[in-house]
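> Fold the stuff below for me.
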Amino acid sequence: MNKPDYAVLRNNSDFVWYVNMSYYTMAELADVTLHELFTDCKASLKLYSDENFKRFNSRFPMYEKIRKLNPATPPISYGHINGLGVELVFPDGNGEVNYIRTDKSYHEWIDILGGQIDFSKQGLASYYLKYQDDMSKAMGNRKIGFSYGYEGPITTAYTMLDLKLYYDLYDEPELLKEFLKKLSVSITQFKKFYCKANGSDYKNTSYMCDDCAALISADMWEEFVIPYMDIVYSDVGANRRSLHSEGMISKHLKNLENLGITWFDPSVSPRLDPVIITKTCAVPFIWRMCEIYHSLLDRQLAMDFVFASVRDGANGLFTTVRELSDHDINVVEGFIEACEMVDSMKKQGADNKEIGKLMSDRGKNIFWDKWRNEFI
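Predicted structure coming up:
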């Protein structure tokens with residue numbers, strides 16, 4: 001397993017920031033439901049229409065400074081397990097896509113995982129490939145992303161085993177390991193299909209999303225998490241390893257170095273903050289100003305959030321435009337203003353301590369102990 005020189009990596013990491021446009025907000029503006037989006041490409045054509053982007057732009061003045069949504073099939077995290085035989089459910093209205101729990105035994109799953117699977121012909125893959133093609137034709141042969149996706153090994157295992165996954169860390173550890181090994185190989189096979197459908201290079205897929213890994217004790221990662229994530233990362237063969245995993249605690253963080261992670265996104269992890277991450281591990285990380293927290297902030301505190309994050313070691317920040325209320329727009333604009341200031345100062349040679357001096361006294365009092373213990 002390749003492990004980078006973290007001192008060099010962190011010091012050489014450029015400051016990164018961005019603001020995402022929300023798929024859900026765009027769906028609301030287009031007056032289409034999630035069920036319609038999952039089941040009818042005409043709904044996606046409404047979402048990605050020029051008229052709908054104009055609606056958004058008229059509400060959000062700084063629209064040119066955020067990431068515009070690129071047209072794609074609707075986001076489904078369960079494409080891989082659907083290809084393994086797990087049925088998906090699409091609730092009416094705005095319910096998220098879900099899956100039907102199964103009661104297959106380890107031996108049944110291991111037999112399935114050991115077989116040759118053409119993922120392009122399993123589950124709903126052919127439906128979404130046609131959906132992708134129909135969107136492309138309707139949009140002047142424009143490239144359309146394929147979002148019938150996958151998760152990391154532990155989250156995927158949870159969707160297949162449910163709580164049995166966590167019981168069997170103790171009850172059936174060897175059988176669980178055999179299952180996880182075959183499952184991790186299957187993820188690499190699905191990823192190759194996924195990349196082909198997207199017209200992207202498989203060797204560039206050095207990222208992973210695995211939230212359920214955070215529910216495994218940090219002391220058990222070496223045995224039950226790291227070997228299986230490593231299978232997925234190693235198959236790509238890249239020197240970069242990016243991980244998104246929510247809900248971690250400080251004890252998990254040293255495992256990131258053991259896994260050779262080069263970029264970490266803790267996303268919604270209320271028991272972490274930039275100080276804790278920086279003191280506990282050397283992996284470069286991006287810190288999220290979660291959109292669910294926008295209501296707790298004002299413009300100045302949003303700016304202080306950025307300055308405090310950089311002061312305390314974050315290598316990047318991001319947020320998402322979810323609500324288009326005057327309050328939330330003002331908060332995101334403060335985030336953008338602060339990130340632009342940091343970007344400019346960094347390019348002129350400013351260090352993190354200098355950036356921290358930009359904080360208001362109120363922000364200095366809040367971030368991070370009060371933020372974690374009283375605000376969220």
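> quick one: residue 99 and residue 163, what's the gap?
15 Å (C-beta to C-beta, to the nearest Å). In short, each C-beta sits where N, CA and C put it, glycine included.
> now do residue 173
Taking C-beta to C-beta, one finds residue 173 at 16 Å from residue 163.
> Also residue 2?
34 Å.
> between these two, who's got more neighbours?
The residue with more neighbours, out of residue 2 and residue 163, is residue 2; 12 against 8, by other C-beta atoms under 10 Å.
> Quick one: residues contacting the closest residue to that one other than its chain neighbours.
Nearest residue to residue 2, sequence neighbours excluded (C-beta to C-beta, 6 or more residues apart in numbering): residue 260, at 5.6 Å. Applying C-beta atoms under 8 Å, 6 or more residues apart in numbering, we find residue 260 in contact with 1-4, 230, 233, 241.
> quick one: pLDDT of residue 260?
Residue 260 carries a pLDDT score of 96 in this model.
> and the gap between it and residue 5?
11 Å.
> which two in the contacts of residue 260 are spaced the farthest apart?
4 and 230 (14.5 Å; C-beta to C-beta).
> Could you pick out the longest helix of this protein?
The longest helix of the chain (DSSP state H) is helix 173-198.
> tell me which residues in that one are buried?
For helix 173-198, burial by neighbour count (16 or more other C-beta atoms under 10 Å) applies to 176-191, 193-195, 197-198.
> just stretch 150-162 next, same as before
For stretch 150-162, by 16+ other C-beta under 10 Å, it's 150-161.
> So which residues of the stretch 201-350 of the chain form helices?
Taking DSSP state H, counting those that start in this stretch as the criterion, the stretch 201-350 of the chain carries its helices at 221-224, 226-236, 254-258, 274-280, 299-311, 326-347.
> Which of those helices has the highest mean neighbour count?
helix 299-311 (a mean of 24; mean count of other C-beta atoms under 10 Å).
> Next one: residue 342 from residue 154, what distance?
34 Å.
> same check, this time on residue 95
25 Å.
> likewise residue 92?
The gap separating residue 92 from residue 154 is 31 Å, by C-beta to C-beta.
> I'd like to know which of the helices of the stretch 201-350 of the chain lies nearest to residue 292.
Comparing those by C-beta to C-beta, helix 326-347 comes nearest, at 10.8 Å.
> Distance from the chain centre to the closest one, please.
Taking C-alpha atoms, centre = their mean, to the nearest Å, one finds the center of helix 326-347 at 22 Å from the center of the full chain.
> Tell me which other helices or strands the helix or strand just after that helix touches.
Once helix 326-347 ends, the next helix or strand along the chain (criterion: DSSP states H and E) is helix 352-356. Helices and strands touching helix 352-356, by 3 or more C-beta pairs under 8 Å, 6 or more residues apart in numbering; DSSP states H and E, are helix 299-311, helix 326-347.
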